[in-house]
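**Student:** the sequence and its predicted three-dimensional model are supplied below.
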Amino acid sequence: MMRKYTIGCLLLLAVQAQAQKGVNSLYSAYGIGDLEEKDYGRNFGTGGAGIARPSANFLNELNPASYGRIPLETFFFEATVAAKSIQYNSSTISQSAGDIAFKRIALGFKVNPRWGLSFGLMPYSRVDFKLVNNTHIAGTESEIQNAIEGTGGINRLYFSNGIKISKNFYAGLSSALLFGPVTITDSLGNNEIHTEKRSFYRNFNFTAGLQYTGKAGAWDVGAGATYRWQTRLHSEDEFSIRDANNNMLYEGNSSTGNYYLPAQLGIGLSLSNEHITWLADYRRQQWEGLNGKHTDFKYVNSQRFAGGMEYSFYKYYFDRKTEGLSIQAGLSYHTGYIQVKGQKINDFGLSVGASLPSRTGHLRYYLGLEGGQRGTSANGLITESYFNIVLHLGLRDNWFFKRKEL
């Protein structure tokens, strides 16, 4: 009963967080929005590095090969929410905003000694912005307020597998359905007339991964690699014009199109002993040449560097090693995939985290904090100074244990 109650609470927490809405980023107005490149699980405090890390104590979706090392007879259930506060600054304005959002819900378990799996739901991109300015009325000297608002984003529903190839090598494959709507509303005056364009994206996306673990003296040395194939997202677009009472004035014919997500290559390294783990990751995507040319922004190749460390304390119960408190620190640098007014929208962040088990040991509480800066105030653009708080809850239990009759 207690296990069912805990899972119900985690599900309710995720649903409530997903229902919240706030201003996420003005730069989400470009492309398909802000891509969720951070890991909001146990790797958050290490800068989001973890491609070379196994899934021994938690679920690691950064590399599907990690699921091959889920312990036998072990079941994981995890849910994550994040609160974000942003300060926008430019040469002329200063404004703040914030929100709370669902980041991931997942479960995983070991099918047999060589095969582990996980499936879950998480955001892939997010569009959440509102821009307000004054526009001249053609043929007059009068001005009218113009507001452009974007909402929605793409979700990732995934099913991942990891298998043990040999003593040191593991391989995995993640199959994901990417889907979701993006709505752009352009209104004039006191919302007297507004146009709405709604695009719904969907298609499957695949990621392969490899992991290696070996010994170097007293240290465990790990390496990992991932490859996400290029994906062609199919889109269905709808256009309409409505008045202040939401009455339909014009409805355009539905049209279809494609949006291309480039392939992504990732590599990672890890070095660990009994208590400390060092992690480093690198990921790259080739955006240049995809999705045509645009007058207000440009697609550019993106890179993400991440690194950090974790120190864990362990307890022993009847010669069984159990993880206690774990603390983390890390940093990340992401060059972004868009360029506006000749400026790349880079993102730099510093993060810390702590994971603590409950008294029974089945539930772990994780709290992550991150501060960083994104964008630039050059050429009339905006700098985003942000602060993230992440709450991650993980349930671990032996649900497949078979009792022996005496």
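**Tutor:** Received the coordinates, thanks. Numbering: from 1, shown residues only.
**Student:** go ahead and confirm Leu271 touches Gly217.
**Tutor:** No. Contact criterion CB atoms under 8 Å: Leu271 and Gly217 do not qualify, at 10.9 Å. (C-beta placed from N, C-alpha, C; glycine too.)
**Student:** any idea how far Arg232 lies from Arg202?
**Tutor:** As defined by CB to CB, to the nearest Å, Arg232 lies at a distance of 11 Å from Arg202.
**Student:** give me the more crowded residue out of those two.
**Tutor:** Set side by side, Arg232 and Arg202 show more neighbours around Arg202, with 15 against 11, by other CB atoms under 10 Å.
**Student:** what bridges to the more buried one?
**Tutor:** Phe179, His234 (DSSP bridges).
**Student:** list the contacts of it.
**Tutor:** Shown in contact with Arg202 (CB atoms under 8 Å, 6 or more residues apart in numbering): Leu177, Leu178, Phe179, Gly180, Leu233, His234.
**Student:** if we go to 7 Å?
**Tutor:** Leu178, Phe179, Leu233, His234 (CB atoms under 7 Å, 6 or more residues apart in numbering).
**Student:** kindly report the same for Gly336.
**Tutor:** Taking CB under 7 Å, 6+ apart, we find Gly336 in contact with Ser302, Lys344, Ile345, Asn346, Asp347.
**Student:** for it, helix, strand, or coil?
**Tutor:** coil (DSSP: H, G, I helix; E, B strand; the rest coil).
**Student:** and the helices in the chain?
**Tutor:** Secondary structure of the chain (DSSP state H): helices located at 2-19.
**Student:** okay, now the unreliable bits of it?
**Tutor:** The chain contains residues with pLDDT under 70 at 1-24, 134-143, 189-191, 317-320, 399-406.
**Student:** by neighbours, which of the contacts of Arg202 wins?
**Tutor:** Counting by other CB under 10 Å, top hit in these: Leu233 with 22 neighbours.
**Student:** which residues touch that one?
**Tutor:** Leu178, Tyr201, Arg202, Asn203, Asn258, Tyr259, Leu261 are the contacts of Leu233 under CB under 7 Å, 6+ apart.
**Student:** and the closest residue to the fifth one other than its chain neighbours, what does it touch?
**Tutor:** The shortest distance from Asn258 to any residue other than its chain neighbours is 5.2 Å, reached at Arg232 (CB to CB, 6 or more residues apart in numbering). When contacts are counted by CB under 7 Å, 6+ apart, Arg232 is found next to Asn203, Asn258, Tyr260.
**Student:** which among those residues count as buried?
**Tutor:** Asn203 (16 or more other CB atoms under 10 Å).
**Student:** rewinding a little: any idea how far Tyr158 is from the residue nearest to Asn258?
**Tutor:** 18 Å.
**Student:** return stretch 43-61 as CSV; C-alpha atoms alone will do.
**Tutor:** Provided in CSV are the C-alpha atoms of stretch 43-61 (Å, rounded to 0.1, in the frame of the first residue of the first chain):
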residue,chain,number,x,y,z
ASN,A,43,23.3,14.1,-13.1
PHE,A,44,21.9,17.6,-12.8
GLY,A,45,24.5,18.7,-10.1
THR,A,46,27.4,17.4,-12.2
GLY,A,47,26.6,19.9,-15.0
GLY,A,48,24.5,17.3,-16.8
ALA,A,49,27.5,15.0,-17.5
GLY,A,50,26.9,11.3,-17.3
ILE,A,51,27.2,9.6,-20.7
ALA,A,52,29.8,7.2,-19.2
ARG,A,53,27.8,6.6,-16.0
PRO,A,54,25.9,3.3,-15.3
SER,A,55,22.4,3.0,-14.0
ALA,A,56,23.3,1.2,-10.8
ASN,A,57,21.5,3.6,-8.3
PHE,A,58,19.3,5.6,-10.6
LEU,A,59,18.0,5.8,-14.2
ASN,A,60,20.4,7.5,-16.6
GLU,A,61,18.7,8.5,-19.9
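**Student:** okay, buried residues for that stretch please.
**Tutor:** Buried residues in stretch 43-61 (16+ other CB under 10 Å): 43-55, 57-61.
**Student:** equivalent analysis for stretch 242-261, please.
**Tutor:** Using 16+ other CB under 10 Å as the test for burial, stretch 242-261 gives Arg242, Tyr259, Leu261.
**Student:** returning to what we had before: the contacts of Gly336 in strands, which ones?
**Tutor:** Ser302, Lys344, Asp347 (DSSP state E).
**Student:** let me have the residues you listed in TSV, extended by distance to Asp99 and neighbour count.
**Tutor:** Output for these, formatted as TSV (distance: CB to CB, whole Å; neighbours: other CB atoms under 10 Å):
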residue	distance to Asp99	neighbour count
Ser302	24	23
Lys344	25	17
Asp347	17	22
